[in-house]
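Engineer: got a sequence here, can you model it:
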Amino acid sequence: MRALLMLATLVAACYASYKLTPHHTANEDTIFTTLYMHVVPAALVAPHAEGDVDHGGAPTPRDHGPVDEHGAVAEAGHAAHDEPLFAIPLPGFLSAFDGDPHHEGVQLVLYNLQIFQLGALVMLLLAFSGVPGYLRTGRGEWVTRRAAGFCLWVRDDLVEPAMGPDLTRKFLPLLMFVFFFIAAQNLMGLAPMSATPTASIFVTAALALITFGIMIIGGMMAQGPVGFFKHLVPDVPLLLWPLMFVIELAGLVIKPVALMIRLFANMTGGHLVVLSFLALIFFFAERFQSVGMALSPVWVGFAVFIMIIEAFVALVQAYIFTMLSALFISAAIHPEH
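Structural biologist: Next comes the predicted model:
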């Protein structure tokens, strides 16, 4: 039952994303540009009005652009603006977060990424709600047993070797959630009509900021504010201390930045490779007609191969992010100098 509910959650998230986001058409410059737009987060917009025709019928303003009095579709670049499904006004100095540039002022809107983040949370709740009972009684269905095994693996083979028993007891719930939350988002992004939240730099930046905040606050609580910055620099000659302090201080900031970029770049790059192979089908079919279509199985085979690798990368990136976070937090709280 849990597996079916998790599958239903994934299908519902993909369907909601499909219905509430504008669909990309071939109005863009090339088929590559059209497909690459699926990697860019899309703002949630109000669903079709009852009079709109779906993709199997006549063009609608939502899909192709405004229709004039003769029923002709306007040129690309003059598409009608879809109203955001949900918008909150923000102060002007937060213009970097404006999700609706068609309206005056700064608007905070919901994106399709939030659908899959909420879906990941629901799937984690379904998968792990039976784990405590299984660990106490030894009784549980297939999903619960596998989830419990992953929990023990994260504790024994991932977090504890990096942090030691004492810090593991304090930070295991957080790091375990980070691992499974990232893994769920990565894997959900492989489904058709889905989006990958971790392919957005804003999502990975928020995750990295959590690690950075724990490093700073935890280090200061354990060593004191003065002791934390004092222990950044190992025993070096006095003349080198100022230079080493600047280098170590920069390294303190570079660590979460590396976490942010690594996760974002790997998830985005994998999707771009898959979309490139799929775009080659249409590109060669347009340029070389029948010969190009004959090559379609080749590009599909390469795309499937990359998707299999991406499934592995999705888990590896969750592992790397969690392991490095554990190492960085441990080093900040108990520096080995």
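Engineer: closest to the centroid, which residue in this protein?
Structural biologist: Centroid-nearest residue in the chain: residue 198, 1.4 Å away (criterion: Cα atoms, centre = their mean).
Engineer: residue 93 versus that residue, what's the distance?
Structural biologist: Distance of residue 198 to residue 93, computed by Cβ to Cβ, to the nearest Å: 28 Å. The C-beta positions use only the backbone N, C-alpha and C, and glycine is treated the same way.
Engineer: could you say what helices and strands the helix or strand of the chain with the lowest mean pLDDT packs with?
Structural biologist: The weakest-scoring helix or strand in the chain, judged by mean pLDDT, DSSP states H and E, is helix 31-36 (a mean of 77). The helices and strands touching helix 31-36, judged by 3 or more Cβ pairs under 8 Å, 6 or more residues apart in numbering; DSSP states H and E, are helix 241-294.
Engineer: starting at the chain centroid, how far to the helix it packs on?
Structural biologist: 13 Å (Cα atoms, centre = their mean, to the nearest Å).
Engineer: what is it packed up against?
Structural biologist: In terms of contacts (3+ Cβ pairs under 8 Å, 6+ apart), helix 241-294 is packed against helix 31-36, helix 201-223, helix 296-333.
Engineer: next, format these as TSV and append mean neighbour count.
Structural biologist: Output for the helices and strands packed on helix 241-294, formatted as TSV (neighbours: other Cβ atoms under 10 Å):
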stretch	mean neighbour count
helix 31-36	17
helix 201-223	18
helix 296-333	18
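Engineer: out of those, nearest to residue 130?
Structural biologist: Closest to residue 130 of the helices and strands packed on helix 241-294 is helix 296-333 (Cβ to Cβ; 21.5 Å).
Engineer: what's that closest one packed up against?
Structural biologist: helix 160-188, helix 201-223, helix 241-294.
Engineer: hang on, the earlier thing: how about the helices and strands packed on helix 241-294 in TSV, adding distance to residue 140?
Structural biologist: Shown next, in TSV, are the helices and strands packed on helix 241-294 (distance: least, Cβ to Cβ, whole Å):
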stretch	distance to residue 140
helix 31-36	42
helix 201-223	30
helix 296-333	22
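Engineer: so for residue 251, which of those sits nearest?
Structural biologist: helix 296-333 (10.2 Å).
Engineer: and the angle from the closest one to helix 160-188?
Structural biologist: 150 degrees (axes from the mean of the first three to the mean of the last three Cα atoms, to 10 degrees).
Engineer: let me see the mean pLDDT of helix 296-333.
Structural biologist: Averaged across helix 296-333, the pLDDT comes to 88.
Engineer: which ones are touching the nearest residue to residue 266 once chain neighbours are set aside?
Structural biologist: Take residue 266 and drop its neighbours on the chain: the residue closest to it by Cβ to Cβ, 6 or more residues apart in numbering is residue 317, 5.3 Å away. Shown in contact with residue 317 (Cβ atoms under 8 Å, 6 or more residues apart in numbering): 182, 186, 198, 262-263, 266-267.
Engineer: repeat the analysis, applying 7 Å as the threshold.
Structural biologist: Residues in contact with residue 317, defined by Cβ atoms under 7 Å, 6 or more residues apart in numbering, are 182, 186, 263, 266-267.
Engineer: among those, the buried ones, what's the PyMOL command?
Structural biologist: In PyMOL, a selection of the buried entries from these looks like this (16 or more other Cβ atoms under 10 Å):
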select buried, resi 182+186+263+266+267
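Engineer: how about the contacts of residue 317 in a markdown table, adding pLDDT?
Structural biologist: Output for the contacts of residue 317, formatted as a markdown table (pLDDT from 0 to 100):
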| residue | pLDDT |
| --- | --- |
| 182 | 96 |
| 186 | 93 |
| 263 | 93 |
| 266 | 91 |
| 267 | 91 |
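Engineer: for the spatially closest residue to residue 255 that is not a sequence neighbour, give its distance to residue 322.
Structural biologist: In space, and not counting its chain neighbours, residue 255 is closest to residue 328: 5.1 Å by Cβ to Cβ, 6+ apart. Distance of residue 328 to residue 322, computed by Cβ to Cβ: 11 Å.
Engineer: likewise residue 90?
Structural biologist: 32 Å.
Engineer: buried ones in stretch 185-194?
Structural biologist: Neighbour-count burial for stretch 185-194, counted by 16+ other Cβ under 10 Å, picks out 185-191, 194.
Engineer: out of these, flag the one nearest to residue 284.
Structural biologist: Using Cβ to Cβ, residue 190 comes nearest to residue 284 of the buried residues of stretch 185-194, at 25.0 Å.
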